[in-house]
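Q: Provided below for reference: sequence and predicted model.
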Amino acid sequence: MPILGKQAEGRTNAEKANILANHFKNTSSNDNCTKTFLENKKQKSPDIIAAISDPGSNTSDLNIPFTLTEYRRALKQKKSTSPGNTWGTNKKHLLKLYRVLIRSIIDYGSQVYDSASDNALHALERIQYKALRVALGATKNTPTVSLLAEAGEQPLQLRRNTLTLKYWARTQGHGTQFPPNKLITQAKHTTFKKTKQHKPPYNHKIHSLLSEHNLNNIKITQFHTNPTPPWKLVAPKTSTDILHSTDKKENPIAAKNIALSIIHDKYKNRIQIYTDGSKNQTTDRVGLGIYAPELGIELSIRVTDKCSVYTSELIAIGLALRIVDETKPPGGAVILTDSLSSLQSIESGHSTRITEIHSITNTLQSLHTQNIHTTIEYIPAHVDIPGNDMADSLAKKALDNQTILCNTTYSKEEVYSMIKKSVDKSWADTWLQVGR
């Protein structure tokens, strides 16, 4: 990005600040400039404006690192309370600039350089401390833990741990032969001697991080393509007629009546299968419910703990389709779900749970070849639709089951959520220890 470079030579601090402020105004989407600031911009000489807007072919001066001094001069910490002084910006925008301009650079490659010496890593911590002090307008003697808490920023070591674990979660989906995963496997059978100058590299450190955050037994869904070629797949039949008919928040009674009317008129001769998913946020237990009144089926199935409700909803739809495939109703079937995100994923074919999507589309394809008409219909939740309420009750009942009947792997997004929860707990524990 264009910054001062040689343009700083022979200029006052005020001129330097104006040059940088002009650049931020031209490259940022936020609108923080006051009328006074805009008037000051007009007083700058044309050659400075030209140097910023059109640096020409010689761009060597534009690659000089953005410094905290320039950051401070351009943004003036935060809005001054002095009479008649209206320029500057607030804490929210300063922190946003810190995250975009400084933290992003610190984050880059952190999984690799985390094995650097403590002295090298402390240099980065000083940069973070100074940047946050500028953003918050804090004094030099402000404790680091207080500064980080006020800014909502993790200590850099915790942030590096988070990014390292997320990288591990992303790469696990590529299988054991993916180069980083092969190194991790090899590191299990070797030891690394830690010294002050030599810390464990990524493939060794990841094992201790997984143990620390209880992620050792986590299995992540592998990337794979649908075995059925896309040109042989028939587009799944889905419907959101009820969603576009009325707003359940504004008129839940009307939403209920329209839903019951569509179910009765549109699917009068089809068997109806209601599905739902549920999760206890305290115990992390997950369950699903399936209710098919015409078939006399009521299922309460507990799913792998810590999965998302979205996952349980997709699994429930997949199981409902298998019921249709086994019973082969002559009039066809309709799967009724209150999970709009699941329906949209089935329509688009894109999802964080691509295994479940492939299973659903392949079953729908099989039903189509058997001439068993099957539609997945969206219905609003919690508007007293008897079948939906029954499926919801069955899903909640599944949370009390002592046995997990449906084991599944995790998507990387679900693992991200686990990582965030565990790292946030570590951060909170550190804060409590300091408080003591």
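A: Ah, there it is. These numbers come from a predicted model, not from an experiment.
Q: CA atoms for contacts and neighbours, from now on please.
A: Will do.
Q: Look at Asn214 and give its secondary structure.
A: Taking DSSP: H, G, I helix; E, B strand; the rest coil as the rule, one finds Asn214 in the coil state.
Q: Just give me the neighbour total for it.
A: 13 (other CA atoms under 10 Å).
Q: now Val303
A: Number of residues near Val303 (other CA under 10 Å) recorded here: 28.
Q: ok, now the one 5 residues further on?
A: Residue crowding around Ser308 was assessed by other CA under 10 Å; the count is 23.
Q: cool, Ala381 as well?
A: When neighbours are defined as other CA under 10 Å, Ala381 has 18 of them.
Q: likewise Asp265?
A: A count of neighbours around Asp265, defined by other CA under 10 Å, yields 9.
Q: So what does it have for phi and psi?
A: Comment: the main-chain dihedrals of Asp265 come out as phi -80, psi -40, following degrees, to the nearest 10.
Q: Tell me the pLDDT of it.
A: Turning to Asp265, the model gives it a pLDDT of 89.
Q: Check the secondary structure at Gln272 for me.
A: Using three-state DSSP, the three-state assignment for Gln272 comes out as strand.
Q: Can you report how many residues lie near it?
A: Look at Gln272: counted by other CA under 10 Å, it has 23 neighbours.
Q: for it, what are its contacts?
A: Counting by CA atoms under 8 Å, 6 or more residues apart in numbering, Gln272 makes contact with Ala292, Pro293, Glu294, Ala333, Val334, Ile335, Leu336.
Q: Relative to Arg126, which of those residues is nearest.
A: Top of the list for closeness to Arg126, among the contacts of Gln272 and by CA to CA, is Leu336 at 56.2 Å.
Q: Quick check: that closest one touching Ile376?
A: Yes - with contacts counted by CA atoms under 8 Å, Leu336 reaches Ile376, the gap being 6.1 Å.
Q: between these two, who's got more neighbours?
A: Under the criterion of other CA under 10 Å, the comparison of Leu336 against Ile376 puts Leu336 first, with 26 against 22.
Q: which helices and strands does the helix or strand hosting the more buried one pack with?
A: Under DSSP states H and E, the secondary-structure element containing Leu336 is strand 333-337. Other helices and strands packing on strand 333-337, by 3 or more CA pairs under 8 Å, 6 or more residues apart in numbering; DSSP states H and E, are strand 271-279, helix 309-327, strand 374-378.
Q: number of nearby residues for Pro252?
A: The burial metric for Pro252, expressed as a neighbour count using other CA under 10 Å, is 17.
Q: show me the contacts for the closest residue to it other than its chain neighbours.
A: Leaving aside its sequence neighbours, Pro252 sits nearest to Val383 (CA to CA, 6 or more residues apart in numbering; 5.8 Å). Residues touching Val383, when contacts are defined by CA under 8 Å, 6+ apart, comprise Lys248, Pro252, Ile253, Ala255, Lys256.
Q: does the closest residue to Leu394 other than its chain neighbours have beta-bridge partners, and which?
A: On the basis of CA to CA, 6+ apart, the spatially nearest residue to Leu394 that is not a chain neighbour turns out to be Gly289, at 4.6 Å. For Gly289, the beta-bridge partners under DSSP bridges are Asp276, Ser300.
Q: follow-up on the earlier one: show residues contacting the helix or strand just after the strand holding Leu336.
A: If you walk from strand 333-337 toward the C-terminus, the next helix or strand you reach (DSSP H and E) is helix 340-348. Residues lying outside helix 340-348 but in contact with it, judged by CA under 8 Å, 6+ apart, are Ala235, Pro236, Thr238, Tyr310, Glu313, Leu314, Ser351, Ile357, Ile360, Thr361, Ile376, Tyr378.
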